[in-house]
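K.L.:
The sequence and its predicted three-dimensional model are supplied below.
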Amino acid sequence: MELIDDGYCFVCGKRNPIGLKLDFFFDGKTIKTEFVPAKEHQGYFNIVHGGIISTLLDEVMVKLAIALGMPAVTARMDIRLKKPLSIGEKVTVQAEILEDMRRLLIAYAKAVTDDNELVADAKGKLVKVSSGT
């Protein structure tokens, strides 16, 4: 499989007209992004859809693998949704690699509010793949 970035990723793609267009900040070991959900990201009234939160957790783990020079795709992700996130409430999503094996990465991601409340976290099993340019 060849991974090609054409700018249309739903989370980070700058060319995707309905995407989130998030920026990521890599410190050499971890990566993070910030997201302020809008009304169109809700599930129930004024509560962010759990699928959006799950997508953010997935993306930050994969982005970290790429930043570390180990492009990967998610094979498994176990998510714990801990607290509802309100529309308009900023969340910071961050990931770290827990284990680096020959073909697999084990990653951990969390989403926290400005008050440092844990909204959700996930542990992911990522399969390393080759990447196109």
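P.N.:
Structure's in. What do you need?

K.L.:
Show me where the protein dips below the pLDDT cut-off.
P.N.:
Flagging of the chain using pLDDT under 70 yields the residue ranges 131-133.

K.L.:
That one: strands as residue ranges?
P.N.:
Here the chain has its strands, by DSSP state E, at 2-3, 25-26, 31-35, 72-81, 91-100, 104-113, 118-128, 130-131.

K.L.:
Let me see the contact set for Glu99.
P.N.:
Counting by Cβ atoms under 8 Å, 6 or more residues apart in numbering, Glu99 touches 105-106. To be clear about C-beta, it is placed using only N, CA and C from the backbone, and glycine gets the same treatment.

K.L.:
Distance of it relative to Glu117?
P.N.:
With distances taken as Cβ to Cβ, to the nearest Å, Glu99 is found 27 Å from Glu117.

K.L.:
Please name the nearest non-neighbouring residue to Gln94.
P.N.:
Residue nearest to Gln94 in three dimensions, not counting chain neighbours: Lys32, with 3.9 Å by Cβ to Cβ, 6 or more residues apart in numbering.

K.L.:
Cheers, nothing more for now.
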